[in-house]
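Chemist: With the input below, show me the fold.
(one chain, ligands or ions: 1)
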Amino acid sequence: MVGAGPGGYVAAIRAAQLGLNVACIEEETALGGTCLRIGCIPSKALLESSHRFSEAKESFAQNGILLEGVKLDLAAMLRRKEQVVNTLTRGVDALFKKNRVTRYLGHGRFVAPQTLNVENSKEPLELKAKSILIATGSKPATQPGITLDGVRVVTSTEALAFAEVPKHLVVIGGGYIGLELGSVWRRLGARVTILEFLDRILPGMDGEISSQAKKIFEKQGLEFHLGCKVRSVRVEADQCRVDSEGQDPITCDRVLVAVGRLPNTDRLGLENIEVELHKKGFIPVNDNFETSAEGVFAIGDVITGPMLAHKAEEEGIACVEHLVTGHGHVNYQTIPGVVYTHPEIASVGRTEEQLQEAGTPYRKGVFPFRANARARTLGSLEGWVKILAHAETDRILGVHMLGAHVGDLINEAATAISFAASSEDLARTCHAHPTLGEALREAALAVSKRAINF
Ligand SMILES: Cc1cc2nc3c(=O)[nH]c(=O)nc-3n(C[C@H](O)[C@H](O)[C@H](O)COP(=O)(O)OP(=O)(O)OC[C@H]3O[C@@H](n4cnc5c(N)ncnc54)[C@H](O)[C@@H]3O)c2cc1C
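Modeler: Next up is the predicted model:
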């Protein structure tokens, strides 16, 4: 294994469970990859803390809880985030020990087929293996005209650790990373302007949800400039000047560049095993995740597909299971996507736009959270659940949600799609009351126009 992110570390453990002798090379001291160290986990810790801060200021009074002088201790908030990260990364160390995965600290580089050097400050160590899995993940991308300086013009890594709240943060990119981190700093008091090249936020997600979410985020104070082509960012003393085509320049004190991520193949020695890269730098693989070099496999962010931790995990498991047992498969239709803003956005399967483009006949059931009893008790009335089912077979093809905790609800939808459930199956499944999950059932009933509570 090269890389101990969610793809590599999960694959290492599964391979060890299946009886293989496993070594994992990771160049960072802490295991867990982008996800645990500088991605999913620290961002969710800050989203939670900043959400509580904004609730304490804005909505506790409606619940009869009166607080005076609510103040931010940013250093404590960042410390809590670090503690969460450290606990989880140390947990991966413990899992490696439990499963007898041998860990090598250093940079892995192919020197010949089936041979890797582990490079660190000591003498390079040579490791030979019959099968090698590349799980080296990704790194932030930037664009021409923008030079990252790690202080004023930064990536998500630095934006997870600003020592003080920016006065005005400009976020370039209206994808999930830009929206999540923009929300964090907005809640903590920054003015936040999001610049997006396309005419919508969250490209690839359900169109209705994306436009509704934008309205909600605007009410929360996020400012959006859509169709905005950023030409350059210049740092002048402690200010940044962002120039975009056809728009007035924006002056701010921090710029977060969140324009996507690039596969990590730096100094991996792929030329020594004759693996050629896809034009965007991804490693091409076949259905069993094998590269053009025999015995060399690749999974996760370093290959094509959604750059998500659970997608990397699924691929890691499928890859080693196929290697050992001859069977291993990932159903890409059941990989959910979640944006952890407030409200959350969650999606699995096909969008309406994709069904229309493919000419697939479908029926749609929608149920709003304002008609859900649990949402009322939570005071979270925004959003809805939308289910798309095949017009003839009733098989569920896609589920899209906007609302509180929908990131947890989406797993039920993913299970339904993976078992090829119909909307009728979901509608006939008894759901506990009062729960947010009842909205999913009601949306399933709405597919055949028989929702009860709306
Ligand atoms: C701010 C942010 C928030 C995110 N939030 C979410 C989320 O909420 N949910 C979600 O599903 N995804 C999220 N992601 C994406 C997620 O982190 C990635 O999709 C996931 O980590 C990919 O896993 P991976 O194992 O392929 O690679 P990575 O996690 O990137 O791990 C690769 C590892 O390989 C190591 N490495 C690289 N090259 C070498 C080498 N030559 N030798 C040794 N080691 C090497 C790296 O140090 C790294 O530890 C987020 C990402 C970011 C940046």
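
Chemist: burial of the closest residue to the ligand within the stretch 101-250 of the chain, as a residue count?
Modeler: As assessed by Cβ to the nearest ligand atom, the ligand sits closest to G137 within the stretch 101-250 of the chain, at 2.0 Å. Where you see a C-beta, it was placed from the backbone N, CA and C, and this is true even at glycine. Using other Cβ atoms under 10 Å, G137 has 25 neighbouring residues.

Chemist: and it, backbone torsions?
Modeler: Dihedral pair for G137: phi 70, psi -150, per degrees, to the nearest 10.

Chemist: Show the contacting residues for it.
Modeler: Taking Cβ atoms under 8 Å, 6 or more residues apart in numbering, we find G137 in contact with G3, G5, G7, G33, T34, P263, N264, G300, D301, V302, A312.

Chemist: quick one, what contacts the second one?
Modeler: Contacts for G5 (Cβ under 8 Å, 6+ apart) come out as G32, G33, T34, C35, L36, A135, G137, G300, D301, A309, A312.

Chemist: between the residues you listed, which has the most around it?
Modeler: G300 (35 neighbours).

Chemist: Can you tell me how far the residue of the chain most remote from its centre is from T155?
Modeler: Ranked by distance from the centre of the chain (Cα atoms, centre = their mean), the top residue is E123, with 36.9 Å. Distance of E123 to T155, computed by Cβ to Cβ, to the nearest Å: 33 Å.

Chemist: Confirm L127 sits in a strand?
Modeler: Yes - applying DSSP: H, G, I helix; E, B strand; the rest coil, one finds L127 inside a strand.

Chemist: which residues touch it?
Modeler: A23, I25, Y104, T115, L116, N117, V118.

Chemist: my read: the fifth one touches G108, true?
Modeler: Just to be clear, that refers to L116. Yes - look at L116 against G108 with Cβ atoms under 8 Å: they come within range, at 5.0 Å.

Chemist: what do the two both touch?
Modeler: Common contacts of L116 and G108, defined by Cβ under 8 Å, 6+ apart, comprise V2, I25.

Chemist: quick one, which of those two is more surrounded?
Modeler: When L116 and G108 are compared on other Cβ under 10 Å, the one with more neighbours turns out to be L116, at 28 against 24.

Chemist: Can you tell me which helices and strands the helix or strand containing that one packs against?
Modeler: Using DSSP states H and E, L116 falls within strand 115-119. For strand 115-119, the packing partners by 3 or more Cβ pairs under 8 Å, 6 or more residues apart in numbering; DSSP states H and E come out as strand 107-112, strand 125-128.

Chemist: So which of the ones you listed is nearest A373?
Modeler: Taking Cβ to Cβ, strand 107-112 is the member of those nearest to A373, at 53.2 Å.

Chemist: The closest one pairs with which strands, parallel or anti?
Modeler: strand 115-119 (antiparallel) (DSSP bridges).

Chemist: Quick one: name whatever helix or strand follows the helix or strand containing L179.
Modeler: Element membership for L179, per DSSP H and E: helix 176-187. Where DSSP H and E defines the elements, the next helix or strand beyond helix 176-187 is strand 191-195.

Chemist: what angle separates that following strand from helix 176-187?
Modeler: 160 degrees (axes from the mean of the first three to the mean of the last three Cα atoms, to 10 degrees).

Chemist: Which elements pack onto whichever helix or strand comes after strand 191-195?
Modeler: Counting by DSSP H and E, the next helix or strand C-terminal to strand 191-195 is helix 207-219. If contacts are counted by 3+ Cβ pairs under 8 Å, 6+ apart, helix 207-219 sits against strand 223-225, strand 344-349, helix 352-358, strand 396-403.

Chemist: Buried residues, helix 207-219. List them.
Modeler: Neighbour-count burial for helix 207-219, counted by 16 or more other Cβ atoms under 10 Å, picks out E208, I209, S210, Q212, A213, K214, I216, F217.

Chemist: Now do that helix, average pLDDT.
Modeler: Mean pLDDT, helix 207-219: 96.

Chemist: now it and strand 191-195, what's the angle there?
Modeler: 150 degrees.

Chemist: what distance separates helix 207-219 from the middle of the whole chain?
Modeler: Distance of helix 207-219 from its chain centroid, counting by Cα atoms, centre = their mean, to the nearest Å, is 19 Å.

Chemist: list the contacts for H322?
Modeler: By Cβ under 8 Å, 6+ apart, the contact set of H322 is N288, F289, G328, H329.

Chemist: Nearest to the ligand among these?
Modeler: For these, the nearest to the ligand is F289 (11.8 Å; Cβ to the nearest ligand atom).

Chemist: mind listing what the closest one touches?
Modeler: With Cβ under 8 Å, 6+ apart, F289 has these contacts: L133, F297, A298, I299, I303, E315, A318, C319, H322.

Chemist: In strands, which of those fall?
Modeler: Mapping these onto strands (DSSP state E) picks out L133, F297, A298.

Chemist: Contacting the ligand as well, which ones from these?
Modeler: Contacts with the ligand are made by none of the ones in strands among the contacts of F289, judged by Cβ under 6 Å from any ligand atom.

Chemist: Could you dump those residues into TSV and include pLDDT and neighbour count?
Modeler: Formatted as TSV, these follow (pLDDT from 0 to 100; neighbours: other Cβ atoms under 10 Å):
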residue	pLDDT	neighbour count
L133	98	28
F297	98	26
A298	98	28
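
Chemist: Closest to R200 out of those?
Modeler: Nearest to R200 among the ones in strands among the contacts of F289, counting by Cβ to Cβ, is A298 at 31.7 Å.

Chemist: Next, the contact list for the closest one, please.
Modeler: Counting by Cβ under 8 Å, 6+ apart, the residues that A298 touches are L133, I134, A135, I283, V285, F289, T291.

Chemist: could you give me the average pLDDT of the longest helix out of those in the chain?
Modeler: If each helix of the chain is counted by residues according to DSSP state H, the longest one is helix 74-98. In this model, helix 74-98 has an average pLDDT of 98.

Chemist: Please point out which parts of that helix sit buried.
Modeler: L74, M77, L78, K81, V84, V85, L88, T89, V92, D93, L95, F96.

Chemist: that's a strand at I13, yeah?
Modeler: No - with three-state DSSP as the criterion, I13 is helix rather than part of a strand.

Chemist: give me every residue that touches the closest residue to it other than its chain neighbours.
Modeler: Closest residue in space to I13, ignoring its immediate chain neighbours: N99 at 4.9 Å, by Cβ to Cβ, 6 or more residues apart in numbering. Applying Cβ under 8 Å, 6+ apart to N99 gives the contacts A12, I13, A16, Q17, V22.
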